[in-house]
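**Q** model the structure of this input:
(one chain, ligands or ions: 1)
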Amino acid sequence: MNKTRGLLFVVSAPSGAGKTSLCRAITDSLEGLTHSISYATRKPRPGETDGRDYYFVSPERFQEMIKAGDFAEWAEVHSNLYGTSRRVLDDMIAKGIDVILDIDTQGAKQIKSKYDTAVFIFIMPPSLDILEERLRNRKSDHEDEIRKRMRRAREEIRDYALYDYIVVNRDFDRALAELRSIVMAERCRTRLADTQWIEKLI
Ligand code: 5GP
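**A** Next up is the predicted model:
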């Protein structure tokens, strides 16, 4: 394979669908695939680390970054601001590293208008009841936060048709296998192949 530029994968899902764990597991299990670390204005949850889960910044700093054009995309989600660094993303792609963006549907729409070869994957919970149960089991969010996230989940699901692939996370291992298959298939696209080598054979 003669791939010079990295592929861009955009993964969205309602919060609680298991997207973060799936994105972490896939980058751990596939070489050459990196998860882009977003900037966020929300407070870290217990166990989260600055620079690993997010770059946690103040709302003021985030606004400065918007003004400076630092973001490839950004959006307000659950009253917090989240964004992807344009420079980091473009550098990784230029280096030939495949990148996975774990972002909401508003951000995905912005990426779609700017990166025409990006691959869009939507992770669905098996049902809204199961999604709510998972959010409650997480125990890190309050009741009104859970209600807000459930309302937002329905809004996000409405955008499913923008995505190239849908993975239903009923069973984690199966969803991970499907996600891996998508990445592996996209890496085998004819447009990415070393056609000079093939042409020499014929
Ligand atoms: P959480 O606060 O639960 O970590 O994330 C809330 C939502 O924000 C998730 O849907 C997540 O995908 C989304 N998100 C995280 N980083 C970004 C980002 O850089 N841009 C956008 N648009 N959404 C993001």
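
**Q** only C-alpha atoms for contact and neighbour calcs from this point on.
**A** Fine.

**Q** close to the ligand: what parts of this protein are there?
**A** Neighbours of the ligand within the chain, by CA under 6 Å from any ligand atom: 12, 14-15, 38-39, 74-75, 77, 82-84, 102-104, 106-107.

**Q** can you list the residue ranges for strands in the protein?
**A** Along the chain, counting by DSSP state E, strands occupy 8-12, 33-35, 39-40, 55-56, 71-77, 80-85, 98-102, 119-124, 165-168.

**Q** chain center to the longest one: distance?
**A** Mean-position distance between strand 71-77 and its chain equals 12 Å (CA atoms, centre = their mean, to the nearest Å).

**Q** with just CA atoms, put that strand into PDB.
**A** Extracted as PDB, the C-alpha positions of strand 71-77 are listed here (Å, rounded to 0.1, in the frame of the first residue of the first chain):
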ATOM      1  CA  PHE A  71     -10.700  24.700  15.300                       C
ATOM      2  CA  ALA A  72     -11.500  22.400  12.400                       C
ATOM      3  CA  GLU A  73     -14.900  22.100  14.000                       C
ATOM      4  CA  TRP A  74     -16.400  23.100  17.300                       C
ATOM      5  CA  ALA A  75     -19.900  22.900  18.900                       C
ATOM      6  CA  GLU A  76     -21.800  23.500  22.000                       C
ATOM      7  CA  VAL A  77     -23.000  20.200  23.600                       C
END
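
**Q** okay, buried residues for that strand please.
**A** For strand 71-77, burial by neighbour count (16 or more other CA atoms under 10 Å) applies to 71-75, 77.

**Q** tabulate those residues (JSON lines), appending distance to Leu201 and pLDDT.
**A** JSON lines is the format used below for the buried residues of strand 71-77 (distance: CA to CA, whole Å; pLDDT from 0 to 100):
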{"residue": "Phe71", "distance to Leu201": "44", "pLDDT": "98"}
{"residue": "Ala72", "distance to Leu201": "41", "pLDDT": "98"}
{"residue": "Glu73", "distance to Leu201": "43", "pLDDT": "98"}
{"residue": "Trp74", "distance to Leu201": "47", "pLDDT": "98"}
{"residue": "Ala75", "distance to Leu201": "49", "pLDDT": "98"}
{"residue": "Val77", "distance to Leu201": "52", "pLDDT": "90"}
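
**Q** can you map out the helices along this structure?
**A** 19-29, 59-67, 86-94, 105-114, 128-138, 143-157, 172-187, 195-200 (DSSP state H).

**Q** in TSV, list these along with mean pLDDT and mean neighbour count.
**A** Formatted as TSV, those follow (pLDDT from 0 to 100; neighbours: other CA atoms under 10 Å):
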stretch	mean pLDDT	mean neighbour count
helix 19-29	94	17
helix 59-67	98	13
helix 86-94	97	16
helix 105-114	97	18
helix 128-138	90	15
helix 143-157	91	15
helix 172-187	97	16
helix 195-200	90	9
